[in-house]
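K.L.:
Sequence first, predicted model second:
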Amino acid sequence: MQSKCHSKLIGNDQLCLKSSHSMFENRMMEKGQKVYDIHLFVCTNQRPAPRTGCGDLGSMDLLTKLKLEISTRNLEKRFRINKSGCLDMCEKGPAMVLYPQDQWFFHVKAEDIPHILDEICS
């Protein structure tokens, strides 16, 4: 399976946008089962003090805002929003990752959500 990487700068972070279907996605499509174009995973991990996880930084509120914005834009058939465990980016949290594009978003705030969705949909 080949995937192409297109570098993209979002904020101060260099991102790599990859596009390809996994073998699992191909099997799901062959069976006629629903496969979303985009999965957005939001880290909701909480850590014991003194370390802070994304869940300690309000990522559950981001998850709620994302789902509401997706619904408002009538994009439920294209997007799947999931909470995830630790994405190992605690110092850059709250963190989100777009799959299968492998595009990361760091230090996300609620007011960033419309801009992020505009970026993803363009």
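P.N.:
Happy to help now that I have it. Numbering: from 1, shown residues only.
K.L.:
where does the protein dip in pLDDT?
P.N.:
1-34 (pLDDT under 70).
K.L.:
what about 80?
P.N.:
Scanning the chain for pLDDT under 80 picks out 1-36.
K.L.:
This structure: helices as residue ranges?
P.N.:
23-30, 59-72, 113-121 (DSSP state H).
K.L.:
List the buried residues for the second one?
P.N.:
Taking 16 or more other Cβ atoms under 10 Å as the basis for neighbour counts, the residues of helix 59-72 that come out buried are Ser59, Leu62, Leu63, Lys65, Leu66, Glu69, Ile70. C-betas here are computed from N, CA, C, even on glycine.
K.L.:
of all the helices of the chain, which lies closest to Asp88?
P.N.:
helix 59-72 (14.3 Å; Cβ to Cβ).
K.L.:
Give the other helices and strands that that closest one contacts.
P.N.:
Counting contacts by 3 or more Cβ pairs under 8 Å, 6 or more residues apart in numbering; DSSP states H and E, helix 59-72 packs against strand 38-43, strand 79-84, helix 113-121.
K.L.:
Make a markdown table out of the ones you listed and add mean neighbour count.
P.N.:
Output for the helices and strands packed on helix 59-72, formatted as a markdown table (neighbours: other Cβ atoms under 10 Å):
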| stretch | mean neighbour count |
| --- | --- |
| strand 38-43 | 21 |
| strand 79-84 | 18 |
| helix 113-121 | 15 |
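K.L.:
Bridging across strands, which residues link to the most centrally placed residue in the chain?
P.N.:
The geometric centre of the chain, computed from its C-alpha atoms, lies nearest to Leu40 (Cα atoms, centre = their mean), at 2.9 Å. Using DSSP bridges, the bridge partners assigned to Leu40 are Ile81, Leu98.
K.L.:
residue contacts, it?
P.N.:
Leu66, Phe79, Arg80, Ile81, Asn82, Met96, Val97, Leu98, Tyr99, Ile120 (Cβ atoms under 8 Å, 6 or more residues apart in numbering).
K.L.:
ok, now with 7 Å
P.N.:
Listed by Cβ atoms under 7 Å, 6 or more residues apart in numbering, the contact partners of Leu40 are Leu66, Phe79, Ile81, Met96, Leu98.
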